[in-house]
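Undergrad: Here is a sequence together with a model predicted from it:
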Amino acid sequence: MSVLEMKVPSPGESITEVEIATWLVEDGDYVEKDQPIAEVDSDKATLELPAEESGIITLKAEEGDAVEVGAVVCLIDMDAAKPEGDAPAKEEAPKAENKVVAAPAPKADTYATGTASPAAKKVLAEKGISTSAVKGTGKDGRITKEDAVKAVPSMGTQPANGSRGTERKKMSMLRRKVAERLVSVKNETAMLTTFNEVNMQPIFDLRAQFKEDFKARHGVGLGFMSFFTLAVVRALKMYPDVNSMIDGDFQIKHDFQDISIAVSGPKGLMVPVIRNAENLSFRGVESEVKRLALRARDGQITIDEMTGGTFTITNGGVFGSMLSTPIINPPQSGILGMHNIVNRPMAVNGGIVIQPIMYVALSYDHRIVDGRESVGFLVAVKEALENPVELLMDGNPGRALEM
């Protein structure tokens, strides 16, 4: 009998462990070669695991199991014949005759009932839950560590007038890793945020004039992201400290601008990277943003496409955010937050005019970026966005948008 041992492939450099998120087949199913059989979570992305050969599959890991790269997760019997048509329904087990069975007498409480193990005590103390509020499932009613982990604080004793259900669900490895990284950023960097506002009217005017021709010519829309990306590239060249990172006692500066774009994917936050954005035109940026966003949405993004990046842009405005303090994407030293655009009264040439205004925020690592650089960087972004024809298009918008 020829049996193939399917092992977990390496999703990318530095990743040593993945988690079985979902089995897409059942134990004993016949699978075709290259058929997706499982979804696995790494700390950076969710990837599909295709069958390496055709045959009957035997699963060797459960959903939620953390397995090392190279570990065997299933067996495929390649000699097994493909079943014809629908598999015959499994015979139902004969129904048991109706018999009256006496319920077991409840066990009497003992001295051990309600006693918590040392590990359970520690977990309950961290949660602030009394042992008297937990029902033990261990021997003689002892409270086990699992009982303590599952215990939730009391929500009060007042009568409830509606549903009060709760759900306990393990976070994906990607979500857990993002949470770990966010906490480490708050604890390990001197993060500050500076704010400014941008009058978006010049960009509105350009989009109104060129967006139809731009889409017809290039097959992608002329959005805000290309203006912001190219404005950031210009500002990073002016203030290279914002485009650098710390490595121990050293500062690493880059002569290129790889811009990470934070997007919301089906499994959580993902940050694909636009490589060498300094070499891209408006069309190039819009095409790359669309390509990466679609791949992230469809769960096809790769580890390589999310690795690296020298600066990040995040757009909370698509969800209606007016103002926020974005968290740095380590080991980068800066992140720009975009927000929603609201018509506001502005003083223009001594008069009050209604203009579309966006608040922007720059969070930066003060260990490596000083106040002068951070404020100057954000002002440079503002200047480019409010005067895009001169600063981003060399005075010729028609030519810039044709490239």
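TA: Sure thing, it's come through. Numbers count the residues shown, from 1 in each chain.

Undergrad: Counting by contacts, list what the one helix or strand residue 178 maps to packs against.
TA: Assigned by DSSP states H and E, residue 178 falls within helix 173-188. On a contact count with 3 or more CB pairs under 8 Å, 6 or more residues apart in numbering; DSSP states H and E, helix 173-188 meets strand 17-23, strand 268-270. Just so you know, the C-beta spots here come from the backbone N, C-alpha and C atoms, and that holds for glycine as well.

Undergrad: Just the strands from the stretch 201-350 of the chain, written as ranges.
TA: For the stretch 201-350 of the chain, the strands defined by DSSP state E, counting those that start in this stretch occupy 244-247, 250-253, 259-265, 268-270, 273-274, 311-315, 334-338, 341-348.

Undergrad: What mean pLDDT does the shortest one get?
TA: Averaging pLDDT along strand 273-274 gives 96.

Undergrad: longest helix anywhere in the chain?
TA: Assignment by DSSP state H gives helix 201-218 as the longest helix of the chain.

Undergrad: center of this protein - which residue?
TA: By CA atoms, centre = their mean, the chain has its centre lying nearest to residue 269, at 1.9 Å.

Undergrad: where's that one relative to residue 170, distance?
TA: For residue 269, the distance to residue 170 equals 18 Å [CB to CB, to the nearest Å].

Undergrad: List of residues touching stretch 50-64?
TA: Outside stretch 50-64, the residues within contact range by CB atoms under 8 Å, 6 or more residues apart in numbering are 4, 6, 19-23, 25-37, 67, 71-80, 82, 170.

Undergrad: What's the local residue count around residue 255?
TA: Residues near residue 255, counting by other CB atoms under 10 Å, number 8.

Undergrad: Could you tell me the least trusted of the helices and strands packed on helix 173-188?
TA: Lowest mean pLDDT of those: strand 268-270, a mean of 75.

Undergrad: Report the backbone C-alpha coordinates of the helix holding residue 178 in PDB.
TA: Provided in PDB are the C-alpha atoms of helix 173-188 (Å, rounded to 0.1, in the frame of the first residue of the first chain):
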ATOM      1  CA  MET A 173      -2.900  32.500  15.500                       C
ATOM      2  CA  LEU A 174      -2.900  35.600  13.200                       C
ATOM      3  CA  ARG A 175      -5.100  37.500  15.700                       C
ATOM      4  CA  ARG A 176      -3.000  36.400  18.700                       C
ATOM      5  CA  LYS A 177       0.200  37.500  17.000                       C
ATOM      6  CA  VAL A 178      -1.200  40.900  16.000                       C
ATOM      7  CA  ALA A 179      -2.300  41.400  19.600                       C
ATOM      8  CA  GLU A 180       1.100  40.400  20.900                       C
ATOM      9  CA  ARG A 181       2.800  42.800  18.500                       C
ATOM     10  CA  LEU A 182       0.500  45.700  19.400                       C
ATOM     11  CA  VAL A 183       1.200  45.300  23.100                       C
ATOM     12  CA  SER A 184       4.900  45.000  22.500                       C
ATOM     13  CA  VAL A 185       4.800  48.300  20.500                       C
ATOM     14  CA  LYS A 186       3.100  50.100  23.400                       C
ATOM     15  CA  ASN A 187       5.600  48.700  25.900                       C
ATOM     16  CA  GLU A 188       8.800  48.900  23.900                       C
END
